[in-house]
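Trainee: sequence-free structure coming up:
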C-alpha cells in the first residue's frame, strides 16, 4: 500500500473511531428518511440494541404526535438542504424505544454520494440541562416571589413608618397647638382678668364705706358690679375649660329629653348680671317643648351666643332668641343689633382666638364661637350666620333630633 493509501486508511479509521466513540448521538438517513447508520451513543440514547435502528424510518425516534409534521419538515429539508441547528430556544423531544419522551437538541447537515443525498443528525440529550433550566426557573420564580413578598413587606413597613410619622407629626402639632393655646390663654387671661378683678376690689372696698341706710342703693350698685365681674370671669374660665376638653377629645355626649323653653329661660337667668344697662333678651319658642339633646352643650351655646350679643351691642339694644322644634330638628336663632362683623373677616369667625378688628377693645377670649361650632359639629348639626356692619348679627343653629341611645331619627 502506498503512502496515499495508508493516509486515507488512517483518516477513515479516525473518522470511524470518531463516529463509534463520540458521546454525541449520530444518525445518518437517506432522502426517504431510512436510517442507514446509527452510532452506539445514539442507540444507547434511544434505548435500542446494536444495529436495531438500521433500516428503520427516522420517525421512529419522533413522538407520535409530531410524526406527520416531521415527515413534512423532512421533505422540505430534502428540497432545500442546509446545515442548521434545531432545538436551541425550542422544546424538541425524541422518543425512546419504550415510548418515553425526552428533550433533545439536534443539528442537521448533509452530504452527497453518487448523486444521492444523505442527512446527518447530531443529537444531544437535554434532559439534565432541561432539569437544570427548570430548577433555575423554579429558583428564579421563588426568588421573584420572595422579592415580591419582601418588597410588599417593605412597602407595608414604609407605609406604617409614614403613617407613624404622620401620626407623630399630628400628635406633635396638636401638642404644639395645645401649648400655644395655653400660652395664649395665660397671656389673654392675665389681661382679661385684670379688669373684673379691679372692679371687684374697688367695689368691695367701697361697699364697706356705705354704712348708712340711705346708702343702700349705692351698696346694691357695687354688689351688682361684683356679680357682673364674677360672671365675666366665669365665662372666660368656662371658655378655656371647654376648649381644652374639646381639643383633647375628653368630651362625651349625654343625651336627655329637655324642656327647651324652661331650660333656656333658666340659662338666661344666669346671664342677667352680664347684660348692659337697658339690654333686654326677648325669647320665644315654637313647636313641641321637649327635645332630645345634650343639656350642657345647649347651655354653653346659649351662654356664648347671648354673651357675645350683649358685649358687641350697645346699651338699650334688645337681643332676640327664637327656638323652633319641628320636623325632627331644633333650630336656635340668636339675633342682635350690634356692631356686626367686617365682611373680609367673616371666614375666620369660628377660628380659635379670633377677634374681629372692630372688637379688639371689647373683653373676650376669642374662643366662644369656636367652641359653639365644635359643639354643633359633635351633635351633627349646622351653624351659619348673617352679619352687617353697624346693623347686627344673626346666628342660625340647626340640631337634628337624636334618640337617648345616641342614634339619629
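Mentor: Happy to help now that I have it. Everything numeric here is computed off the predicted structure, so don't read it as measured data.
Trainee: Show the average pLDDT along the longest helix seen in the chain.
Mentor: In the chain, with assignment by DSSP state H, the single longest helix is helix 127-192. Taken as a whole, helix 127-192 has a mean pLDDT of 79.
Trainee: What ranges does the stretch 251-400 of the chain have for its helices?
Mentor: 260-269, 295-311, 368-378 (DSSP state H, counting those that start in this stretch).
Trainee: Quick one: list the elements packing against the last one.
Mentor: For helix 368-378, the contact count by 3 or more Cβ pairs under 8 Å, 6 or more residues apart in numbering; DSSP states H and E identifies helix 216-248, helix 295-311, strand 382-388, strand 392-400 as packing neighbours. To be clear about C-beta, it is placed using only N, CA and C from the backbone, and glycine gets the same treatment.
Trainee: what does the second one contact?
Mentor: If I follow you right, that is helix 295-311. Contact with helix 295-311 is made by 235, 238-239, 242, 253-254, 256, 258, 263-264, 267-268, 270-271, 274-276, 279, 281, 319, 321, 332, 334-336, 338, 362-364, 368-369, 371-372, 375-376, 378-379, 393, 395, 397, as judged by Cβ atoms under 8 Å, 6 or more residues apart in numbering.
Trainee: Tell me if I'm right that residue 403 and residue 292 touch.
Mentor: Yes - under the criterion of Cβ atoms under 8 Å, residue 403 is in contact with residue 292, at a separation of 6.5 Å.
Trainee: Between those two, which has more neighbouring residues?
Mentor: residue 292 (19 against 10; other Cβ atoms under 10 Å).
Trainee: thought the more buried one was touching residue 256?
Mentor: Yes - applying Cβ under 8 Å as the test, residue 292 and residue 256 come out as touching, 7.0 Å apart.
Trainee: Look up which residues are beta-bridged to residue 330.
Mentor: Beta-bridge partners recorded for residue 330 (DSSP bridges): residue 325, residue 399.
Trainee: tell me the contacts of it?
Mentor: Counted by Cβ under 8 Å, 6+ apart, residue 330 has contacts 260, 291, 293, 323-324, 398-399, 401.
Trainee: Repeat the analysis, applying 7 Å as the threshold.
Mentor: By Cβ atoms under 7 Å, 6 or more residues apart in numbering, residue 330 lies in contact with 260, 291, 293, 323, 399.
Trainee: And it, how close does it get to residue 366?
Mentor: Distance, residue 330 to residue 366, by Cβ to Cβ, to the nearest Å: 27 Å.
Trainee: cool, and residue 164?
Mentor: Taking Cβ to Cβ, one finds residue 164 at 34 Å from residue 366.
Trainee: Looking at these two now, which is surrounded by more residues?
Mentor: Each of residue 164 and residue 366 has its neighbours counted (other Cβ under 10 Å); residue 366 has more, 17 against 10.
Trainee: close enough to count as contact, that one and residue 353?
Mentor: Yes - using Cβ atoms under 7 Å, residue 366 is in contact with residue 353, at 3.9 Å.
Trainee: contacts for stretch 124-142?
Mentor: With contact meaning Cβ under 7 Å, 6+ apart, stretch 124-142 is reached by 24, 45, 102-105.
Trainee: same check, this time on stretch 258-275
Mentor: Here stretch 258-275 makes contact (Cβ under 7 Å, 6+ apart) with 224, 227-228, 231-232, 281, 283, 285, 289-291, 293, 295, 298-299, 302-303, 306-307, 310, 323, 325, 330.
Trainee: Separate out the buried members of these.
Mentor: Neighbour counting by 16 or more other Cβ atoms under 10 Å classes 228, 231-232, 281, 283, 285, 291, 293, 298-299, 302-303, 306-307, 310, 323, 325, 330 among these as buried.
Trainee: In the stretch 301-409 of the chain, where is pLDDT below threshold?
Mentor: Low-confidence segments of the stretch 301-409 of the chain (pLDDT under 70): 360, 363-365, 404-409.
Trainee: and residue 95, what is it in contact with?
Mentor: Residue 95 is in contact with 61-63, 101, counting by Cβ under 7 Å, 6+ apart.
Trainee: Out of the residues you listed, who's the most crowded?
Mentor: Within those, most neighbours by other Cβ under 10 Å means residue 61, with 26 neighbours.
Trainee: just curious, which of the contacts of residue 330 is nearest to residue 347?
Mentor: Nearest to residue 347 among the contacts of residue 330 is residue 399, at 23.3 Å by Cβ to Cβ.
Trainee: what about that closest one, how many neighbours?
Mentor: With other Cβ under 10 Å as criterion, residue 399 counts 24.
Trainee: OK, contacts around it?
Mentor: Neighbouring residues of residue 399 by Cβ under 7 Å, 6+ apart: 293, 329-330, 379, 381.
Trainee: In TSV: the residues you listed, plus distance to residue 158.
Mentor: Output for those, formatted as TSV (distance: Cβ to Cβ, whole Å):
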residue	distance to residue 158
293	46
329	47
330	48
379	39
381	40
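Trainee: For residue 335, see how far away residue 261 is.
Mentor: In terms of Cβ to Cβ, residue 261 sits 18 Å off from residue 335.
Trainee: what's the answer for residue 403, then?
Mentor: Between residue 403 and residue 335 the distance is 31 Å, computed by Cβ to Cβ.
Trainee: ditto for residue 28
Mentor: Note on residue 28: its distance to residue 335, by Cβ to Cβ, is 113 Å.
Trainee: And the average pLDDT for the one helix or strand residue 14 maps to is what?
Mentor: Element membership for residue 14 (DSSP states H and E) is helix 3-21. The pLDDT scores in helix 3-21 average 75.
Trainee: who does the helix or strand following that helix pair up with?
Mentor: Using DSSP H and E, the helix or strand that directly follows helix 3-21 along the chain is strand 25-30. Strand 25-30 pairs in its sheet with strand 35-38 (antiparallel), strand 116-125 (antiparallel), by DSSP bridges.
Trainee: any idea which of those scores lowest on pLDDT?
Mentor: By mean pLDDT, the lowest-scoring of the strands paired with strand 25-30 turns out to be strand 116-125, with a mean of 91.
Trainee: Mind listing what's buried along that strand?
Mentor: For strand 116-125, by 16+ other Cβ under 10 Å, it's 118-125.
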